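Student: task: produce atomic coordinates for the following.
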Amino acid sequence: MLYMALPHEVQTAALITHARRYHKRVTVPVVTPDGLLAVGCPTEVSHFHPGPFGIPEPRDLSAVVPPAEIDIVFVPGVGFDAKGVRLGYGGGYYDRFLRLLPAQTHFGGLAFHTQIVPSIPRLPHDICMHFVVTEQGVLTFHTP
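Tutor: This next block holds a predicted model:
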């Protein structure tokens, strides 16, 4: 699962293309009143429309993928700290979605190195990342 990037975020289009080249099923998040859904990523730009937050989402929601079938999730964020704590955009969508994933699913952030900070306060509902990828390398974390 890869997020559809906003202009200020790490761009994901090349990762989506790369994953498809290796015949991986790619899903993207769709925001609903009940939380995030993982939906098969369309190949045509015309099959997307702006979602509630202006993020491109598939128009057709018939290709929903159950969380149990997801191996890895790349998560956007405002910032990440040295323990894998993520500061999101405040809706809690990813924290709720990540709780639905099987224990063997890996999830992590894509960020610019400037988004890595020494510490972010962790709230009880916050889910820590397993890793964060930046232009300077991969940070891995032991998550509680």
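Student: which stretches of this protein aren't confidently modelled?
Tutor: 143-144 (pLDDT under 70).
Student: go again with 80.
Tutor: 142-144 (pLDDT under 80).
Student: any chance you could map the strands in it?
Tutor: Counting by DSSP state E, the chain has strands at residues 27-32, 35-40, 48-50, 56-58, 72-75, 79-81, 86-87, 106-110, 116-117, 131-134, 137-140.
Student: which of those strands sits closest to Met4?
Tutor: Met4 lies closest, by CB to CB, to one member of those: strand 56-58, at 4.4 Å. Bear in mind the C-beta positions are built from the backbone N, C-alpha and C, glycine included.
Student: sheet partners, orientation included, of the closest one?
Tutor: strand 48-50 (antiparallel) (DSSP bridges).
Student: list the buried residues for the partner strand?
Tutor: Phe48 (16 or more other CB atoms under 10 Å).
Student: contacts for that strand next, please.
Tutor: Strand 48-50 has contacts (CB atoms under 8 Å, 6 or more residues apart in numbering) with 4, 42, 56-59.
Student: out of the strands of the chain, the one nearest His125 is which?
Tutor: Closest approach to His125 among those (CB to CB): strand 86-87, 11.7 Å.
Student: name the helices or strands packed onto that closest one?
Tutor: Applying 3 or more CB pairs under 8 Å, 6 or more residues apart in numbering; DSSP states H and E, one finds that strand 86-87 makes contact with strand 79-81.
Student: partners of the strand it packs on in the sheet?
Tutor: strand 86-87 (antiparallel), strand 116-117 (parallel).
Student: pick the most buried one from those strands.
Tutor: The highest average neighbour count among those, using mean count of other CB atoms under 10 Å, belongs to strand 86-87 at a mean of 21.
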